[in-house]
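Participant: show me how the following folds:
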Amino acid sequence: MSALDTAELETMIEEATVDAYNEDEQLTGLFTLLEEHLDLPFTTVVLGVEVTVGGVDLTPDGRIVALCSRGGMGQSIGILDLPLPSPVPEGAQWMAYRQRAG
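Facilitator: Residues are numbered from 1 along each chain as shown. You can find the predicted model right below:
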């Protein structure tokens, strides 16, 4: 995924948050579009180990996390910290808000 220019990023964020009245609702909007559009599962490498990303979740403390697994074990990793594979999965452009957050 190439870096989106500012206008593209702002358009995507506006689409995700059009009906949001506060930060919690904005995060929920971004999460919803990511959940709807991200092509799952996909594999990526976390700390040198290949894991499968089988889903995304919104935590009670307001973070979007990737649900990662390997060999029957699972761990949630903050979506802002998740290394993306190459090529990136379809729908990963909805992770573009990472550019703003990071």
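
Participant: just the buried residues of the host helix or strand of V56, please?
Facilitator: Secondary structure from DSSP states H and E places V56 in strand 49-58. Residues of strand 49-58 classed as buried: 51-53, 56, 58 (neighbour count, 16 or more other Cβ atoms under 10 Å). For glycine as for every other residue, the C-beta is placed from the backbone atoms N, C-alpha and C.

Participant: likewise stretch 28-40?
Facilitator: For stretch 28-40, the neighbour count (16+ other Cβ under 10 Å) marks 28-31, 33-35, 38 as buried.

Participant: do the same with stretch 11-27
Facilitator: Neighbour counts using 16+ other Cβ under 10 Å place 12-13, 16-17, 26-27 of stretch 11-27 among the buried residues.

Participant: repeat for stretch 59-79
Facilitator: Within stretch 59-79, the residues that count as buried by 16+ other Cβ under 10 Å are 64-68, 77, 79.

Participant: after the helix or strand encompassing A7 comes which helix or strand?
Facilitator: Using DSSP H and E, A7 sits in helix 6-17. Under the assignment DSSP H and E, the closest C-terminal helix or strand after helix 6-17 is helix 23-37.

Participant: quick check: buried residues in the helix or strand just after that following helix?
Facilitator: Helices and strands here follow DSSP H and E; after helix 23-37, the next one along the chain is strand 42-46. Under the neighbour-count criterion of 16+ other Cβ under 10 Å, strand 42-46 has 42, 44, 46 buried.

Participant: surely C68 and G74 touch.
Facilitator: Yes. Between C68 and G74 a contact is recorded at 6.6 Å, counting by Cβ atoms under 8 Å.
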